Each structure stands twice: as structure tokens, then as C-alpha cells.
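Visitor: Following is a predicted model, sequence given first.
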Amino acid sequence: MTHRRIPRRRAALAGAGVAALVAAGVTFQSANASESGPPPGARTLSAPAAGKLASTLIADLGADTAGAYYDAGSRNLVVNVLDRDTAAAVERAGARARVVEHTLAELDGARTTLAERATLPGTSWALDPVGDKVVVTADRTVSGAAWAKLAKIVDGLGGKAELKRSKGEFKPFVAGGDAITGSGGRCSLGFNVVKDGQPYFLTAGHCNAAISSWSDSSGTVIGANERSSFPGDDFGLVKYTGSADHPSAVDLYDGSTQAIARAGEATVGERVTRSGSTTHVHTGTVTGLNATVNYSEGTVSGLIQTDVCAEPGDSGGSLFDGDTALGLTSGGSGDCASGGETFFQPVTEALSATGARIG
């Protein structure tokens with residue numbers, strides 16, 4: 001199959017700094033759609049349903065796709081493709097197709113180059129399927145020779161990457177939403193899970209790295225660490241003290257909770273909600289996937305990138321869409337007064353690695 005490349009320009013997503021938080025829809029027109037709207041066969045989908053369809057199409061079409069994202073305005077899945085034949089297959093499946101310049105392999109190659117040559121403290125990068133590029137962010141500590149080196153590497157990647165400057169700083173903050181405390185500080189509980197018939201909960205790995213046992217807001221010990229993965233990943237598994245059932249729900253800080261029934265994969269463009277013990281509940285949009293953040297403590301990869309704000313103490317807290325668990329708060333920049341950006345460990349990876357499941 002011959003791939004036809006169509007050059008284009010798009011506004012890039014704004015970059016921002018990140019700090020580990022232990023205190024511990026934009027509508028985009030399909031390039032192939034008519035001016036009057038999406039093709040008649042485009043299905044109206046919820047974001048979780050769009051994520052499932054995206055996974056199926058990308059697995060079936062392989063190298064002929066180049067990523068996907070969710071158009072929250074029209075509630076359509078948009079799949080990047082390389083030629084009209086593949087576009088037709090995407091549209092028959094009920095999604096919108098958009099012909100782009102760069103293959104997913106090319107963008108992954110750019111990320112590999114960055115990992116090999118640009119793993120500098122204070123930097124991050126994430127795949128942006130809307131912009132058809134990798135967005136690289138440098139925080140305020142990256143200056144002088146380090147900035148020049150980074151700019152040269154990004155320039156060498158051509159249109160496959162774009163460099164942004166953040167006003168924030170990438171640093172850990174040690175300070176399903178509820179506060180959990182230990183001798184090293186405060187974090188947030190992510191999701192209650194079950195393993196081998198016993199109750200556990202997930203939180204951030206950088207929280208577990210500093211704290212071995214956890215108490216609730218009253219000071220009662222509720223659990224002890226069983227596993228921690230940080231850096232590389234950012235998840236921790238804690239076993240509850242005792243065998244009482246713990247509901248699979250997230251605190252909405254208004255006297256109610258959101259029941260969690262399943263875990264799912266995030267999709268760029270998806271509207272999401274975050275719950276944490278410092279700033280409680282905030283919403284925003286997924287802006288990137290497979291994000292890499294270079295903390296001074298080490299590199300964490302495979303993260304979900306969003307524009308949801310967070311602050312110290314929100315680490316480990318829940319990222320979700322309705323009753324679907326998506327992520328655990330890893331890091332971010334800014335605050336919930338001026339705004340910011342956050343990164344999340346995907347829940348599906350944490351569950352797979354620990355052998356746990358949503359209860």
C-alpha cells in the first residue's frame with residue numbers, strides 16, 4: 001500500500017511544568033470530513049467507548065494508523081491514518097479518519113531519540129495525536145547549555161517534535177481522593193481494588209517510596225505497603241489492615257461518591273475528573289499519552305497527560321471518567337488558582353503489574 005503524505009500545520013498544545021504531587025472538548029475538524037460536519041457514518045460515542053474502538057482499530061490496522069483522539073464536541077473518535085484506503089476502513093467502523101504526515105512509528109522513533117539524548121532533569125515529552133507530533137516541555141530549571149542541547153535535538157527531529165517552555169518546576173511534592181498519611185507526609189488514595197480475594201488500594205509509587213504504612217484522616221492505621229514502583233512507573237499497592245470490604249468508589253467531596261465499575265484506557269480529548277485530598281475535585285481534558293517526565297529522582301514513562309490542576313497532597317488520587325478508573329496522580333505544575341498540568345499513571349498498567357482488579 002502506498003502512503004500519501006499530506007503536510008499540514010496545527011496549533012500545538014501548550015506545555016507546562018510538572019511536580020510529583022505527594023503533599024502527598026476542544027473540537028478539532030477531521031482533515032477528511034466535509035465542511036458541514038463529520039461523515040454520516042461517524043458514531044456518537046462516550047469517551048470510554050471511543051477508547052475501546054480506538055484500541056480495536058489500531059490493533060487491526062497496525063502501521064496504517066498514526067494515533068487517535070476523542071472529539072468531545074461531536075462525540076466522535078478521530079483516527080489518524082496515512083492514506084485514503086485506510087481512511088475508508090476507519091469510516092466504515094464508525095470513526096472519523098484524518099490523513100496526517102507522520103506515522104506512529106516515526107513519532108515513537110522521535111520519543112526514542114529523546115530518551116537516548118534528552119533525558120535531562122526538568123524535561124518531559126508526550127505524544128500529541130492532535131498535533132501529529134511529540135510535544136517536548138522544559139521547565140524553568142533547564143537553561144544555558146542544557147536548553148541549547150535540547151533545542152538542537154528537537155530541531156533535528158524536524159516536524160515530528162516541538163519544544164515548549166514551562167514556568168513551573170519538575171519536583172516531587174511530599175506533603176479514590178481521600179487523604180492517607182504516614183511518617184513521610186500525606187498523599188491521596190487512588191482506587192480500592194481486590195487481589196486474591198483480599199482488599200487493597202492503589203496510590204502513587206513515589207508515595208510508597210517514602211511511607212511504609214498508612215493511616216486515614218483520623219489517625220487510624222489502615223494499611224501497609226505491599227509493592228511500590230518508582231521511578232520507571234509510578235504506582236503503589238497497599239494492603240488494608242483486616243478483611244472488611246471497601247467499596248470501589250471515589251469521594252466527590254460534596255457528600256457523595258462516584259461508583260467505579262471498571263478500569264479503562266484514556267483517550268486524547270476525553271473529559272476527565274480528578275479527586276485528591278488537597279484540592280478535592282477538578283475536571284479537564286486528556287492532552288497527551290505515553291508521556292515521559294524526567295524528575296530529579298528519575299524518569300517515569302507511559303503517563304497520561306492532562307490539563308487538570310493539582311497541588312501537593314493530591315498524589316496518588318483518582319483520575320476517572322464516570323464509572324471508569326483511568327489513572328493515579330503522578331505529578332503536575334501550577335495550582336488550582338492559576339491552573340496547571342498533570343500526569344497520571346495508567347490504572348490498567350498498575351492492575352496488570354500487581355495482579356489486582358477493580359472490586
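Guide: Perfect, I can see it now.
Visitor: Compute the number of surrounding residues for the closest residue to Arg43 other than its chain neighbours.
Guide: Leaving out its chain neighbours, the residue that sits closest to Arg43 by C-beta to C-beta, 6 or more residues apart in numbering is Gly94, at 3.6 Å. To be clear about C-beta, it is placed using only N, CA and C from the backbone, and glycine gets the same treatment. Other residues near Gly94 number 17, with proximity taken as other C-beta atoms under 10 Å.
Visitor: One more: Gln198?
Guide: Neighbours around Gln198, by other C-beta under 10 Å: 13.
Visitor: List the beta-bridge partners for it.
Guide: Assessed by DSSP bridges, Gln198 has beta-bridge partners Lys195.
Visitor: With adjacent residues omitted, what lies nearest to Ala47?
Guide: Glu270 (3.8 Å).
Visitor: For the residue nearest to Arg43, which three-state class applies?
Guide: Here Gly94 is coil, with the state taken from DSSP: H, G, I helix; E, B strand; the rest coil.
Visitor: List the residues that contact it.
Guide: Contacts here follow C-beta atoms under 8 Å, 6 or more residues apart in numbering; on that basis Gly94 touches Gly41, Ala42, Arg43, Leu45, Leu53, Leu77.
Visitor: part of a helix, is the fifth one?
Guide: Yes. Under three-state DSSP, Leu53 falls within a helix.
Visitor: Find the nearest non-adjacent residue to it, please.
Guide: Closest to Leu53 by C-beta to C-beta, 6+ apart is Leu77, at 5.4 Å.
Visitor: Helix or strand: which one has that neighbour?
Guide: When elements are assigned from DSSP states H and E, Leu77 belongs to strand 76-81.
Visitor: give me the number of residues near Lys149?
Guide: 14.
Visitor: domain assignment for this protein?
Guide: As assigned by automatic domain parsing, the chain contains the domains 16-25+104-359, 32-99.
Visitor: Quick check: which of those domains is buried the most?
Guide: With neighbours defined as mean count of other C-beta atoms under 10 Å, those peak in mean count at domain 16-25+104-359, which reaches a mean of 21.
Visitor: one step back: Throw the contacts of Gly94 into CSV and include pLDDT and distance to Thr113, thanks.
Guide: Shown next, in CSV, are the contacts of Gly94 (pLDDT from 0 to 100; distance: C-beta to C-beta, whole Å):
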residue, pLDDT, distance to Thr113
Gly41, 71, 38
Ala42, 87, 35
Arg43, 92, 37
Leu45, 93, 34
Leu53, 93, 31
Leu77, 96, 29
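Visitor: which of those residues lies closest to Gly131?
Guide: Leu77 (17.4 Å; C-beta to C-beta).
Visitor: so the closest one touches Ala54, yeah?
Guide: Yes. The criterion here is C-beta atoms under 8 Å, and Leu77 meets it with Ala54 at 5.7 Å.
Visitor: what do these two both touch?
Guide: Residues touching both Leu77 and Ala54 by C-beta under 8 Å, 6+ apart: Ala68, Ala95, Thr267.
Visitor: Provide a list of residues in contact with the last one.
Guide: What it means is Thr267. Residues near Thr267 by C-beta under 8 Å, 6+ apart: Ala47, Ala50, Gly51, Ala54, Ala68, Tyr69, Tyr70, Leu77, Val286.
Visitor: Check which helix or strand it maps to.
Guide: In the assignment (DSSP H and E), Thr267 maps to no helix and no strand.
Visitor: For it, give me phi and psi.
Guide: Main-chain dihedrals, Thr267, degrees, to the nearest 10: phi -130, psi 140.
Visitor: so the closest residue to Gly340 other than its chain neighbours is in which element?
Guide: Spatial nearest neighbour of Gly340, excluding adjacent residues (C-beta to C-beta, 6+ apart): Gly334 at 2.4 Å. Counting by DSSP H and E, the element that carries Gly334 is strand 324-335.
Visitor: Tell me where the stretch 201-350 of the chain has helices.
Guide: 205-208, 347-354 (DSSP state H, counting those that start in this stretch).
Visitor: name the helices or strands packed onto the last one?
Guide: Looking back up the chat, that one is helix 347-354. Counting contacts by 3 or more C-beta pairs under 8 Å, 6 or more residues apart in numbering; DSSP states H and E, helix 347-354 packs against strand 191-195, strand 198-203, strand 221-229, strand 235-240, strand 262-263, strand 324-335.
Visitor: Please list the outside residues in contact with it.
Guide: Residues from elsewhere that reach helix 347-354, judged by C-beta under 8 Å, 6+ apart: 190-191, 193, 195, 200, 202, 226-227, 229, 233, 235, 237, 263-265, 302, 319, 325-328, 356-358.
Visitor: what's the angle from that helix to strand 324-335?
Guide: Helix 347-354 runs at 110 degrees relative to strand 324-335, counting by axes from the mean of the first three to the mean of the last three C-alpha atoms, to 10 degrees.
Visitor: Farthest-apart pair in the contacts of Thr267, please.
Guide: Between any two of the contacts of Thr267, the greatest separation by C-beta to C-beta is 13.2 Å, found for Leu77 and Val286.
Visitor: Could you say which helix or strand holds the nearest residue in space to Lys160 that is not next to it in sequence?
Guide: Spatial nearest neighbour of Lys160, excluding adjacent residues (C-beta to C-beta, 6+ apart): Ala110 at 4.4 Å. Assigned by DSSP H and E, Ala110 belongs to helix 104-117.
Visitor: Now do the helix or strand following that helix, average pLDDT.
Guide: For helix 104-117, the succeeding helix or strand toward the C-terminus, using DSSP H and E, is strand 123-128. For strand 123-128, the mean per-residue pLDDT is 93.
Visitor: what does stretch 156-172 give?
Guide: The pLDDT scores in stretch 156-172 average 84.
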